[in-house]
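Novice: what follows is a protein structure lacking sequence information:
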């Protein structure tokens, strides 16, 4: 033991930091293997089952990392393995970028404590989400920015590679580039910057082709699909989340450090401005919808550096930071134990997945399960049971990557369990409910001959962009049925016109039409629709859907903007 202590005391500052990053990584590795998957992690595991250049919600890096880890190991640890490796790497890169020339062992310890006490970094050090690769590639980008600032010849190459890598990790990488350049406008005069940008665009061509082939689904979703009506609680919740995830014990010091620390390098200037820029940008975003706290995660680099740079020059502040940081780490340790063993019996998405979905699998008895509400639960069911599942996009919530899979088509003609999104009128469907171990209730009915209608395409002629209440619209619909069976409208399936406003309001109007679209055939339908007065003064996306009792449904047509004038 004495020999080990002597060896520890002789460690250089860099070696000491590597030691503590190794300890942190080992803790993350244990956590990754002993904690059940969160909802989004199971959803990204579904991504990894079919590698592609893009996905509905995110670029492909998260799927690739999940696939690599799952190839090496099974279970939760396999899903998260690669993500645990990224955190020590990006913290080491950050240290090398901001390391003082006269760094001491105390400085290395201070940097480790500040990093570990940043609550955002604790959670996102082991879970399998796009924020891990974004942090790693952002650190690489800052290193490339440093090379550009120093005039190093290969800087353009590293810039291009890292900017493309950030884009393939998470679209928020664009903000990292914009904020870093805004903090260093003189770099805009460097030709190497534009050469790097050209390389990044070239490397992004496969992803852009995927987006074009899928109607730019990701960009449409992130730019407008998340919008909602203004609510003060979105703003208040965002600000409270910022206090929590960046450690409320340090917030006053962050402000003081931001005022007093004056960086002399391009990386330092970028790090100083990133916290204010990210928080300010997403504070404005909270005016149009809910903002998830992890969207500001790259600001952690700036907070860590600012607090480290300030505290190392002020002994009294250093002592407070170390003590408060160690208290924070101890509390985090208790939370980590709760996430593994759940002695408090909490109901949360990382608990009781195996018994809950195991009970559902026994009820399904080998039959596919069609989920209609939460898309991640379909992915969890498949992960924890190996059973067949699909999630139907729901107009009352949102669409998701399941729309690009054909599982529901493969289930055609089979007996399936269908999660009810409303109480079916036909009581012969024998609606049942199953209380699960995770505290949820699964309400379903059995469809003995499942025939999906999701891929039936409806095109509309004559729908204007602006209408008035009471207008009679003469519309011509073209209905294409890609399936090997006829779709009969007017019996169990009805055609409805939908008006969707944000994520909270959906108005549906059944259309009095009856027709049969033959297998692989096309049907032309003419109808008149009178614009209801309750839509007055609203801006919507409008379209058409085939809907059936008890099933979830989405637009079968391409939604288009439509404004209804006020009365």
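Specialist: Done, it's in. Please read these numbers as outputs of a predicted model, since none were measured by experiment.
Novice: from now on I want contacts and neighbour counts done on CA atoms only, so please keep to that.
Specialist: Noted.
Novice: list the buried residues for the longest helix anywhere in the chain?
Specialist: As assigned by DSSP state H, the longest helix anywhere in the chain is helix 315-341. In terms of neighbour count (16 or more other C-alpha atoms under 10 Å), helix 315-341 has its buried residues at 318, 321-322, 324-326, 328-329, 332, 336, 338-340.
Novice: can I take it that residue 21 is in a strand?
Specialist: No - assigned with DSSP: H, G, I helix; E, B strand; the rest coil, residue 21 falls outside any strand and is helix.
Novice: I would like the residues contacting the helix or strand bottoming out on mean pLDDT in the chain, please.
Specialist: The weakest-scoring helix or strand in the chain, judged by mean pLDDT, DSSP states H and E, is helix 2-9 (a mean of 79). The contact list for helix 2-9 (C-alpha atoms under 8 Å, 6 or more residues apart in numbering) reads residue 16.
Novice: which of the residues in it are buried?
Specialist: Under the neighbour-count rule, helix 2-9 has none buried (16+ other C-alpha under 10 Å).
Novice: shaky segments in the stretch 151-300 of the chain?
Specialist: Across the stretch 151-300 of the chain, residues meeting the criterion (pLDDT under 70) sit at 225-229.
Novice: ok, the chain next?
Specialist: Scanning the chain with the threshold set as pLDDT under 70 gives 225-229, 422-429.
Novice: could you list the domains of it?
Specialist: The chain breaks down by automatic domain parsing into domains covering 2-341, 359-447, 457-564.
Novice: please produce a markdown table containing those, extended by distance to residue 353.
Specialist: Listed next are the domains of the chain as a markdown table, based on distance: least, C-alpha to C-alpha, whole Å:
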| stretch | distance to residue 353 |
| --- | --- |
| domain 2-341 | 7 |
| domain 359-447 | 7 |
| domain 457-564 | 24 |
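Novice: out of those, flag the one nearest residue 348.
Specialist: Nearest of the domains of the chain to residue 348, taken as C-alpha to C-alpha: domain 359-447 at 7.5 Å.
Novice: name the element residue 133 belongs to?
Specialist: In this structure, residue 133 is located in helix 131-149 according to DSSP states H and E.
Novice: ditto for residue 361
Specialist: Here residue 361 is covered by helix 353-364, with elements defined by DSSP H and E.
Novice: packing partners of the next helix or strand after that helix?
Specialist: Next helix or strand after helix 353-364 toward the C-terminus (DSSP H and E): strand 369-371. The elements that strand 369-371 packs onto, with contact taken as 3 or more C-alpha pairs under 8 Å, 6 or more residues apart in numbering; DSSP states H and E, are helix 375-385, strand 389-391, strand 416-419.
Novice: verify the assumption that residue 387 is located in a helix.
Specialist: No - assigned with three-state DSSP, residue 387 falls outside any helix and is coil.
Novice: count the residues that sit near it.
Specialist: Using other C-alpha atoms under 10 Å, the number of residues around residue 387 comes to 21.
Novice: can you offset everything so residue one is 10?
Specialist: Sure, I'll start numbering at 10, so the last one becomes residue 396.
Novice: that one against residue 374, yeah?
Specialist: No - using C-alpha atoms under 8 Å, residue 396 is not in contact with residue 374; the gap is 9.3 Å.
Novice: next, the angle helix 384-394 makes with the helix holding residue 370.
Specialist: Orientation note: helix 362-373 sits at an angle of 90 degrees relative to helix 384-394 (axes from the mean of the first three to the mean of the last three C-alpha atoms, to 10 degrees).
Novice: other residues contacting helix 362-373?
Specialist: 45, 389-390, 393-394, 396, 425-426, 443, 445-447.
Novice: between those, which sits nearest residue 277?
Specialist: Of all the contacts of helix 362-373, residue 277 sits closest to residue 45, with 38.2 Å by C-alpha to C-alpha.
Novice: for that closest one, grab the count of nearby residues.
Specialist: 22.
Novice: same check, this time on residue 374
Specialist: The local packing of residue 374 (other C-alpha under 10 Å) involves 11 other residues.
Novice: how about residue 446?
Specialist: Residue 446 has 17 nearby residues by other C-alpha under 10 Å.
Novice: do residue 197 as well
Specialist: Neighbours of residue 197 (other C-alpha under 10 Å): 12.
Novice: swap in residue 74?
Specialist: When neighbours are counted by other C-alpha under 10 Å, residue 74 registers 24.
Novice: tell me what the one helix or strand it maps to is packed against?
Specialist: Element membership for residue 74 (DSSP H and E) is helix 70-81. The contact analysis (3+ C-alpha pairs under 8 Å, 6+ apart) places helix 70-81 against helix 48-57, helix 84-107, helix 164-178.
Novice: could you dump those to CSV with distance to residue 380 and mean neighbour count?
Specialist: Converted to CSV, these look like this (distance: least, C-alpha to C-alpha, whole Å; neighbours: other C-alpha atoms under 10 Å):
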stretch, distance to residue 380, mean neighbour count
helix 48-57, 13, 23
helix 84-107, 22, 22
helix 164-178, 28, 24
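Novice: so which of those helices is nearest residue 247?
Specialist: Residue 247 lies closest, by C-alpha to C-alpha, to one member of these: helix 48-57, at 20.1 Å.
Novice: that closest one to helix 84-107, inter-axis angle?
Specialist: Going by the same axes, to 10 degrees, helix 48-57 is angled at 100 degrees with respect to helix 84-107.
Novice: what does helix 48-57 rub up against?
Specialist: The contact list for helix 48-57, computed with C-alpha under 8 Å, 6+ apart, reads 64, 71-73, 75-76, 88, 136-138, 358-359, 384-386, 388-389, 392.
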